[in-house]
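>>> Take a look and give me a structure for this.
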Amino acid sequence: MRTIIVAALLLLSANLVSFAADQGATCGGFVPRPCPEDQWCNYKPGAACGIGDQTGTCQPRPQVCPKILLPVCACDGKTYNNACEAAYAGFDVFYPGPCRKE
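Next up is the predicted model:
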C-alpha cells in the first residue's frame, strides 16, 4: 500500500512539474516552438510575431474576454475585436487596428 501511495505522489508531482514547465516556456523563433493547445505565444512588444528569430513565452489562453471594441491585427493575419479575443484564439497581437489588405 505504501508503494502505491509513493508511486501516485511521484506521478502527480511529475505532472505538476510538466505543467509548470509548459507555462512560461519559450515559443516562436526561426524554428517555431509552439505552445501547448491551451496556451498562446506572448511576444515582447516590438517582436512582430516572432519575425527575425524573436521569441515569446507561453501563457494560458483567457477563458472570458470583455466586450470591448479595440480592433487588433493578430499574428494569424485576422482582425479580432480586442487583444483578449486574439489571445483566446491562440494568437498575439501583431499591431493595433484592423489587418491591412496587401
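
>>> What ranges does the protein have for its helices?
Counting by DSSP state H, the chain has helices at residues 2-22, 83-89.

>>> what number of residues lie near the nearest residue to Pro32 once chain neighbours are set aside?
Once flanking residues are discounted, Pro32 sits nearest to Gly50: 7.1 Å by CB to CB, 6 or more residues apart in numbering. To be clear about C-beta, it is placed using only N, CA and C from the backbone, and glycine gets the same treatment. With neighbours defined by other CB atoms under 10 Å, the count for Gly50 comes to 19.

>>> again, but for Trp40
Counted with other CB under 10 Å, Trp40 comes out at 24.

>>> Surely it and Asp92 touch.
Yes: judged on CB atoms under 8 Å, Trp40 makes contact with Asp92 at a distance of 6.5 Å.

>>> Among the helices of the chain, show the one with the smallest mean pLDDT.
Among those, helix 2-22 carries the lowest mean pLDDT, at a mean of 40.

>>> Which residue would you name as the spatial centre of this protein?
Taking CA atoms, centre = their mean as the criterion, Trp40 is the residue nearest the geometric centre of the chain, at 1.4 Å.

>>> residue contacts, that residue?
Trp40 is in contact with 58-59, 61, 87, 89-92, counting by CB atoms under 8 Å, 6 or more residues apart in numbering.

>>> Can you turn the buried part of those residues into a PyMOL selection?
The PyMOL command for the buried members of the contacts of Trp40 (criterion: 16 or more other CB atoms under 10 Å) is given here:
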select buried, resi 58+59+61+87+90+91+92
